[in-house]
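A.B. asks: I'd like to go over a predicted model; first the sequence, then the structure.
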Amino acid sequence: MEKITGKNNSLIKYSKRLFDSHRARRIERKFALEGARLCFDALNSEIAVTHFFITEKAAEKYPEQFKKMVKTARSAYFISEETAEKLSDTKNTQGVFCVCEMPEKRPEIVKNKKYIALDRVQDPSNLGAIIRTAEALGIDGAICFSCCDVYNQKALRASMGSALRFPVIQSENLERDLIAVKEKGFAVYAAVPSRSASSVCETRFSDSSVCVIGNEANGVSDEVKNAADKLITINMPGMAESLNASTAAAIIMWEMVRGNK
């Protein structure tokens, strides 16, 4: 394996841009991963790894995963500790990085499945946590409209690898997409902090259903509310007026799948 020692290497600069820039990721249709957990999770996904970087110290620490990734990635390089610090987005780097291709095919929305839709969720930690919880609970996919970048480093870390496996459908117009799935037989629900809405605990979710979680500050848009078949809420007898978006999503997704258990 070739070893890269300089921080100014063109491939290292290219990879660093993918870590730092949403625009670069969008143009190149590639994203970068850091850390042993995330990088080696790519081995268990359909994500294609184009470049793999690892320090010699990390290769000794993760020998089996190192061998598998060298065979899987299109190209693999040893990097110096100094170069690893250049690439790293964390305080203490593990010395493991890779560049991956974004999926080319947009996941389909399939009848008799349940989806969580996210209306302008902007906090990458919320987005990653929702994707992680959705995969864990057996939700079938996430529909994202004007959300933060799912390939943002904070979102990827919060997802704990789920973002590499879980179907994420990017929406250009959520209202239009919800109307389209209703025509296919889906029931659409929107989560709102309102006492007049139906309790999520008393809601019987359709086998084909989409539930919308709104923006952290402004909630679900009026257009999306109007497109929904039903407004639902999480009853909160305490003093707090609302829940964190990822917490609300977790409760609602549990109720969505609970009837199937």
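C.D. replies: Yep, it's here. Residues are numbered from 1 along each chain as shown.
A.B. asks: shaky segments in this protein?
C.D. replies: Within the chain, the segments meeting pLDDT under 70 span 259-261.
A.B. asks: now the residue nearest to the spatial centre of it: how far from Leu156?
C.D. replies: Nearest to the mean C-alpha position of the chain, counting by Cα atoms, centre = their mean, stands Ala163 at 4.0 Å. To Leu156, Ala163 is 6 Å away according to Cβ to Cβ, to the nearest Å. Quick note: C-beta positions are derived from backbone N, CA and C, even for glycine.
A.B. asks: could you pull out the residues contacting both of the two?
C.D. replies: When contacts are counted by Cβ atoms under 8 Å, 6 or more residues apart in numbering, Ala163 and Leu156 have 128, 150 as shared neighbours.
A.B. asks: sorry, back to before: who touches the residue nearest to the centre of the chain in this structure?
C.D. replies: Contact analysis of Ala163 by Cβ under 8 Å, 6+ apart lists 128, 131, 150-151, 155-156.
A.B. asks: out of those, which is most surrounded?
C.D. replies: Taking other Cβ atoms under 10 Å to define a neighbour, the member of the contacts of Ala163 with the most is Ile131, carrying 32 neighbours.
A.B. asks: hang on, isn't it packed against Pro167?
C.D. replies: No: between Ile131 and Pro167 no contact is recorded; they are 9.8 Å apart, counting by Cβ atoms under 8 Å.
A.B. asks: and for those two, which residues touch both?
C.D. replies: Overlap of the contact sets of Ile131 and Pro167 (by Cβ under 8 Å, 6+ apart) consists of Ala142.
A.B. asks: where do the helices sit along the stretch 101-250 of the chain?
C.D. replies: Remark: helices assigned in the stretch 101-250 of the chain by DSSP state H, counting those that start in this stretch are 124-137, 153-159, 174-183, 222-227, 245-258.
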